[in-house]
Each structure stands twice: as structure tokens, then as C-alpha cells.
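Trainee: all I have is the shape, not the residue letters:
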């Protein structure tokens, strides 16, 4: 891989708990994410998926090791720079959408841009453009409670994309959706990845969901157990993920 | 864990959460207790029984206002407890507790909170009674030794009223819990589905709000026509105006404010500018829930400004009345025209005369007069005499020579007068109609001016009217040391007693006379009410925002997850809270102009500056509380600096 690196994780270790009663959740993770990557991280409950994502999105701090984002060491940059990094380079998608219920869908989508001080005309154009792409054009004036789960999640994707981030962190994005809406969303993510070259790091425990990624890393007990790469078809990839799950044993849901 | 243990544990936790609420409940009790205490102690007895009973009745009226206030406050406080606790209480349902048992727990907890507030309030109340009375007397400019007196009645009465009101609402909460389903309890704290109010409803509310407000303003400053039922009509005007303004304020906050902000939010080009997207939407959301609070705050502030203006008007009026009465130290009324020299000689034996006047007055039988208000005694004076008199005593006299059908009423100062249109008043004397061109209350004739209705006519007219009544002579003296009035009294009384055939009367003014001292207490109480109202309004607003912040916590958590830094969110919070403070303040400032203007007319004085000062004081209070609110809000919403 000679593509440009966006995120580089080196020997990442994370401990929880007080001194003497510590649990090592991440036991030395190495991972590199480049432009155009679509990575899914799978693993059973308690394997450290969320912890990894939290550290990457700078909500949590590592005990040891380094995370480089766009060449900058996250442990060394100031809060201001960190916040700029999150605002400009990273997009977030959460399991429970996290749209603000007091804002219309359009206001929600435009929020990151308008808060960064981008001209209102451009904000409006971009929200409409993204809504068009994600089939939300006629829902822009609605409030989140008036939307279905799938629409909300697509709205959240629009919000994540509006700043044109280099990478999107998605935490169980289909977790709260039915299978149809989930499938639509994953197709959207694939499209973003292919057309806009946005890297995606998705955490999931669902094999079907993971099969949309280009690479799947299996995280278990704090270590990356293995990596699977997509071959020719998604179907085959899905089967190989399932096989891997079966081979890894019982606690893998 | 038994129920009591749970209750005490919850109570301890709620002490921390609701500290501000408990404190303000305690504050209400403190104020109420202090006022009641004034009635039950005899500090003001020094001013005489008459004054004491006036003061007591004023305080009784204010106590009623305070009870109403306490009622609203407890209502609000228990409501906050209820919604906040319902969610936690819901968890107990899953532990297998019955609604009744949970209701009982809520009751016990809330009663514990109530008792804490009471103990705090009364405790500090007892400590501060002396301070309270000292402040009251100091502002009233009355010097009395205050001894610490403790009486049980106010404590008992405060407890009775407070606990009755409190218990009613606790019971209401209990019934609410017993009747609610598990789902209600769990979702009590969940965000309501948010809908914008329909624009046409807002437009209607706004139009009605503006119309009602303007009608209210107009009525407040409307002058009643002199005539039958005039007093009733004017009082009705003021009552209706008050009601209309209150309704108007509610409609403005329920209609106009959300309308403006919804329109702003619809204009995306305006909205998508930095933090606007966030705070304008928040304001829309909050206004829907909080507009009653904003309206209440606005009304309370309006009461505050009016109270302060009343206070100053009272003070000014008091001094005017005192000045009025003390225009002369001695006033002698006689049928004899040649007394001045004799009286002057007698007075100068013991006192120095600063100025003296003498003039004839024509006492006319009341049956010959036809005026709007029938008086007992009437007298007529000459224009030229009055002009000379005014010059001698140094009072202003701006009237041109009167025409033969013109008349000026010389009346006295009363505490309150109703707004009336005084333009076209006619006075009939013995069948002839005069136009009353002026009604002055300058103290030309001192104390005697209070005792009868004087009318000034031109000199020829006076001569013509001579035949209608008896001409008396008025001799007025003002001495250098008015407190030495006793010295010449006996000599003058002697002359009056020995006047023989002639009619003679003597008035001696005692500057120590304290029959209107209660007015002074009234103005200090008004100042106090001003502070109470201001504190109440800022506290209510502060608490509302304080509690709102907890609800916003989740939202700000999301925003932080999305990568927005605290500085940006802090700015949005500042702007949002600014709206909550500025809108009630602005509407109050506009409305206060009319309420104070109404008072101005009633008290016949200029209160413009006091309007300005009181609004400025409230502004300072608001500014301070706004800053505190921002800090508290940021902390409660989890947006650290």
C-alpha cells in the first residue's frame, strides 16, 4: 500500500481500572488506515472495539502507544488543534444517530459547517446537495422525530460528510436499523468511499454489515486476531467472515 | 433498605441538587415572616396607635400579596421536584414497589425538603428581624430604639400558611404519582417530541398580544372625565389596564417571541452563521416550554418598578405635605382687620418672625356653590392679594390677571388622587358660571388651605361677590425656630379667648405632629417590595435556566462528540441565555413607562427619573444573574471552560 496514510496506530495499549486492579483492554494494536480504505472492525462484546474507536476519535486517551492522524500525534497536540482536527478531518456516525432533536434535518446537517463559520450560502447549497444524494431532499424541513430510523441515520451520514472529512468513524451504524434500512445505509457508505475517496472505519459485530467493507479486522481480547480482505464478491466475503467467526468460537456473536 | 432509609438518602442527594430551590423557598419564608413580625411587635407603636394601625393594614395587604407569591412559588418548586424525581421513582416500580408506596416516598421526601426550607427561613428570619426593622426604620428616616423582641405568633402563622400551601401541592404530587402509569414515570424526563407551533396560531397570538397590550397601556394613562362615577371609572380603568397588560405580556411571550425566532430560523441564510444555528433553535424550543416563566418574570419586574416608583412618589408627597403644613407656624382667623400689628408684637416677644402675611377671605355658604365635589366650607380670595402673598412667602405665582369668568382652585395636597381630565371644569357661584382654568396645590395658605376649598377670582369679581358671605381676615406667621412654637402659643390663645364680640380662631402647627408618619414607613416598605420583586424575578429565571441545563446535557454531549469545542458551545449558551434575560427585560422596560406614567399622574409628580433608575437597577441585577447563569448552565450542561 503506497497510498497516503490518514490514521496510523502504533502499539496501542489501554488499561482501565485503578492501580493494582487494572484490566488491559487493548494489548498493543497496530493499524494503518489510508485514503479510500473501508475497514470494519469486528469482535465480540468486550473485545475493545468501542475503546479503540473512542481513542481514535480522541474521546479517550491511550495508556501507551501513539495515534497519528494526518501526520499529527494525537497525544501531543493541543485541545484546540484536536478540536479543529475532529471538526475538519473526521466525521462521526453513531448507532443512535445523535441528531439534535431541536433542529430540523437541514439545520442538523448544516450545523458543523455553520459552526465553523462557513458562509451561509455555501451551507445551504451543501446541505441540499447532500440531501439530494441521500434521498432526503423532501425531509429537510422535518424534525428528527418525524423521520424514520433509516432517514435519521442517512441524515447523520450527511452531517458527517458535510465538512468533507478524510475519514469517517462509524460506531455500529446499522445497530438500530431494520435490515432494509441497514442495507441502504451500507450502500451509501460504500458509495461515499468509492466516489469521494473518504476512508471509513466502521465498528460492528454484524457479519453482513462488515461484508460491505474492503477489509475486516477481527479484534478479540484486546488484540487484532486476523484480517480478511474482500475478494471478488461481497457474498464470498460474507461467507469467509462467517467461517472465521465460527472458527473463533462461542463468544463471538 | 427500608423506605425511611431510602427517603433520607434521596433527600440528602436532593439537598445538593435543589439547593437553589430550597434557598429561595427559605428566602420567601424569611421575607414573609419578617413582614408578619412587624405586625406583632410594637416597634412602630412609638409613632402612635393611629400610625401603627395604618402600617399594620399596609403590611397585611402586602402579606396577602406575599402569600399569593408563596403559593405560586411552592407550586413551581414542587412541580420541579415532581418531574425530576418521577424518572428516578420509576426505577422503584421495577423493584416491585406500588404506586402508593412510591407516592408516600415522594411525599416524605418533599416534606423533608419543605421542613428544611422552613427551618432555614425561620432561623434566618428570627436572626434578621432586628436588621429588617432597622433597615425599614432607617429608610423611613424614623429613629427608634429597637430592642430584640421575639414573638411566637408570626412563626406559627407563617408555618400554618406555608405548610397548608405546601401540603396541598405535595398531596397533588402524591395523587399524580398514584394515578400515573409506569411508562409515564420513566418517560417523565425524556425529551418531548418537539414541534414548532403553527405560524398562524403565533400570528393570532401576536396580533392579540399587541392589541391587548396597547389597549392596556392606553387605559393605564387614560384620564377619567370628571362627573358621576368618575372614581369608579378611573379605578376600573387601572384594574382593567393591569389585567390587560398581564394578558398582553403572556401573549407576547407565547406568540410574538416564538414567531420572531421561528421566522429567523426559517431564514437559513441568516441562520447558518456561526452559533446561530444552535442557539436560535434552542430558543425556539425553550420558549415553547418557558414562555410562562418569561412572562411571570416580566410581570414581577413591572411590579418591582411600580413599587419603587410608588415609594419615591410617597416620599416626595410626604415631604410636600409636611412642607405644606409648615408654611406657617401660627394662623389666626378673625373678623377684625387690624390685628396684624398686635399679633406680631406678641409673637416677637419669644420668637423671630421670618415672614408674615395677612389677607381678607370671603367665606361663602356652601349652598351657593355648585362644584363637582361638594365641600363643607368654601372661601373666595382676591387675585391681587394672592399675588402679594405669594411674593412675601417666596412661592411661585405664574397666573395672569384673571378674566371675570375665570377662577382658580387653590386645593391641598392629598396622598393619592385619581387621574382625571381637568380641562373643562365649571364652577357655579350663586348662579354665575366660572371656568376653572387651574387647580393649584401650592401652599399659599398653609394648614387652613387643607380645611376649606379656596377659589381665587379677579379683584372686581371679588367685590361683586362680597355681599354673598362674610369677610374674614387671615393672619399668618412663620417663625424662625418652628420647634419653639409653644413659646408664643399662650399669648396668642389669650388674645383669641378675649376677643369678645369678634370671631377669632387660632391654628398652631406642631412640627412634631406624627399623624402621617405611616407614609414614611410605607415608602420604605415599597422599597423593600421592590427588592423582593426583583429578587423573585431573577431567582425564578435563574432556577428555570439552572434546571433546563440538566435537560440540555445530552445535547451538548452529542455536540462534543461531534468535535465542537467548548468555546463555541459556550458562545451559543451565552447567546441563548441572553435572550432569556433580555426579552422579559425589554418588555418590562417598555411597560414600566406606562405604569409609572399612570402613577405619575395619580401622584401628580415627575417619576421619569425613578423609572429610569429602577430599570437600571434591575438591569444590573440581571447582568449579574446572567453571568452566574451562564457559569451554572455551562457546568450543569457539562460544557466546561
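Mentor: Done, it's in. Computed from a predicted model, the values in this text were never measured in an experiment.

Trainee: SS state for whichever residue of chain A sits closest to chain B?
Mentor: Among the residues of chain A, residue A:86 lies closest to chain B, at 2.9 Å counting by CB to the nearest CB. (Each C-beta comes from the backbone N, C-alpha and C, glycine too.) Following DSSP: H, G, I helix; E, B strand; the rest coil, residue A:86 is assigned to helix.

Trainee: measure it to residue A:118 for me?
Mentor: Here the criterion is CB to CB, to the nearest Å. By it, residue A:86 lies 16 Å from residue A:118.

Trainee: more neighbours: those two, which one.
Mentor: residue A:86 (25 against 18; other CB atoms under 10 Å in any protein chain shown).

Trainee: low-scoring stretches of the stretch 101-250 of chain A, by residue?
Mentor: Scanning the stretch 101-250 of chain A for pLDDT under 70 picks out the ranges A:249-250.

Trainee: and it, which of its residues are near chain B?
Mentor: A:101-104, A:106-107, A:110-115, A:117-118, A:120-121, A:123-124, A:143, A:145, A:159 (CB under 8 Å from any CB of the partner chain).

Trainee: isn't residue B:117 up against residue B:26?
Mentor: Yes. Assessed by CB atoms under 8 Å, residue B:117 is found in contact with residue B:26 at 4.7 Å.

Trainee: in the stretch 1-150 of chain A, which spans are strands?
Mentor: A:5-16, A:23-34, A:38-42, A:64-69, A:72-73, A:90-93 (DSSP state E, counting those that start in this stretch).

Trainee: mind putting these into TSV with mean neighbour count?
Mentor: Below are those laid out as TSV (neighbours: other CB atoms under 10 Å in any protein chain shown):
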stretch	mean neighbour count
strand A:5-16	18
strand A:23-34	17
strand A:38-42	24
strand A:64-69	18
strand A:72-73	13
strand A:90-93	24
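
Trainee: who has more neighbours, residue B:117 and residue B:26?
Mentor: residue B:117 (25 against 20).

Trainee: list the contacts for the more buried one?
Mentor: Going by CB atoms under 8 Å, 6 or more residues apart in numbering or on different chains, residue B:117 touches B:22, B:25-26, B:29.

Trainee: which SSE is residue B:590 in?
Mentor: helix B:566-603 (DSSP states H and E).

Trainee: which other helices and strands contact that helix?
Mentor: Using 3 or more CB pairs under 8 Å, 6 or more residues apart in numbering or on different chains; DSSP states H and E, the elements in contact with helix B:566-603 are helix B:199-220, helix B:230-251, helix B:276-325, helix B:517-561, helix B:608-636.

Trainee: for the first one, which positions count as buried?
Mentor: Buried positions in helix B:199-220, judged by neighbour count with 16 or more other CB atoms under 10 Å in any protein chain shown: B:202, B:205-206, B:208-209, B:212-213, B:215-217, B:219-220.

Trainee: tell me the mean pLDDT for it?
Mentor: For helix B:199-220, mean pLDDT rounds to 91.

Trainee: now do that helix against helix B:276-325, angle only.
Mentor: 10 degrees (axes from the mean of the first three to the mean of the last three CA atoms, to 10 degrees).

Trainee: follow-up on the earlier one: want to try JSON lines for the strands of the stretch 1-150 of chain A, with distance to residue B:140 as columns?
Mentor: Shown next, in JSON lines, are these (distance: least, CB to CB, whole Å):
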{"stretch": "strand A:5-16", "distance to residue B:140": "67"}
{"stretch": "strand A:23-34", "distance to residue B:140": "71"}
{"stretch": "strand A:38-42", "distance to residue B:140": "77"}
{"stretch": "strand A:64-69", "distance to residue B:140": "71"}
{"stretch": "strand A:72-73", "distance to residue B:140": "70"}
{"stretch": "strand A:90-93", "distance to residue B:140": "65"}
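
Trainee: and those strands: which comes nearest residue B:169?
Mentor: With CB to CB, the closest approach to residue B:169 among these belongs to strand A:90-93: 44.3 Å.

Trainee: the closest one close to chain B?
Mentor: Yes. Residues of strand A:90-93 contacting chain B under CB under 8 Å from any CB: A:90, A:92.

Trainee: the helix or strand residue B:64 falls within to helix B:276-325, inter-axis angle?
Mentor: Residue B:64 is part of helix B:49-94, with elements assigned from DSSP H and E. Between helix B:49-94 and helix B:276-325, the angle comes out at 160 degrees (the same axes, to 10 degrees).

Trainee: relative to helix B:517-561, how tilted is helix B:49-94?
Mentor: Calculated by the same axes, to 10 degrees, helix B:49-94 forms an angle of 20 degrees with helix B:517-561.

Trainee: helix B:49-94 - contacts with which helices or strands?
Mentor: Looks like helix B:49-94 contacts helix B:3-17, helix B:19-40, helix B:99-140, helix B:152-179, helix B:182-187, helix B:517-561 (3+ CB pairs under 8 Å, 6+ apart).

Trainee: take these and lay them out in a markdown table including mean pLDDT.
Mentor: Output for the helices and strands packed on helix B:49-94, formatted as a markdown table (pLDDT from 0 to 100):
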| stretch | mean pLDDT |
| --- | --- |
| helix B:3-17 | 76 |
| helix B:19-40 | 82 |
| helix B:99-140 | 85 |
| helix B:152-179 | 89 |
| helix B:182-187 | 62 |
| helix B:517-561 | 84 |
